[in-house]
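A.B. asks: Just to be clear, the model below is a prediction. Sequence and coordinates:
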Amino acid sequence: MSIYVGNLSYEVTEADMTSVFAEYGSVKRVQLPTDRETGRMRGFGFIEMGTDAEEQAAIDALDGAEWMGRDIKVNKAKPRENNKSSFGGGGNRGSFSSSRY
């Protein structure tokens, strides 16, 4: 399981995240997604810790806390949903019909 951390400052680094979350246990992995086009941090991240108890301690302590000028949101990460239908419509996106050309 992992922890979702939202409303992060765009200046936060993996080292910053590791330092803060290490107060609640062992940090196994930090992910800070970046925008594909700009390379800029997207304002959220994920943390994996050694045990569920460590993750829960971090969630309890840090959810709603102010960090780097922002009130961060910390909770258990939800499984990623399939985004294919998020564009509305369906079928044959990206393919060309020979009758159209």
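C.D. replies: Received it, and whenever you're ready, just let me know what you need. Predicted model only: the values in this text are computed from it and were never measured.
A.B. asks: Need the three-state assignment for the residue nearest the centre of the chain.
C.D. replies: With the centre of the chain defined as its mean C-alpha position, the nearest residue by CA atoms, centre = their mean is residue 45, 3.3 Å away. Applying DSSP: H, G, I helix; E, B strand; the rest coil to residue 45 yields a three-state assignment of strand.
A.B. asks: Give me the packing partners of the strand or helix carrying residue 61, helices and strands only.
C.D. replies: Under the criterion of DSSP states H and E, residue 61 resides in helix 52-62. In terms of contacts (3 or more CB pairs under 8 Å, 6 or more residues apart in numbering; DSSP states H and E), helix 52-62 is packed against strand 3-6, helix 14-21, strand 44-49, strand 73-76. Where C-beta positions appear, they are placed from N, C-alpha and C, glycine not excepted.
A.B. asks: May I see the buried residues of the third one?
C.D. replies: By 16 or more other CB atoms under 10 Å, the buried positions in strand 44-49 come out as 44-45, 47-49.
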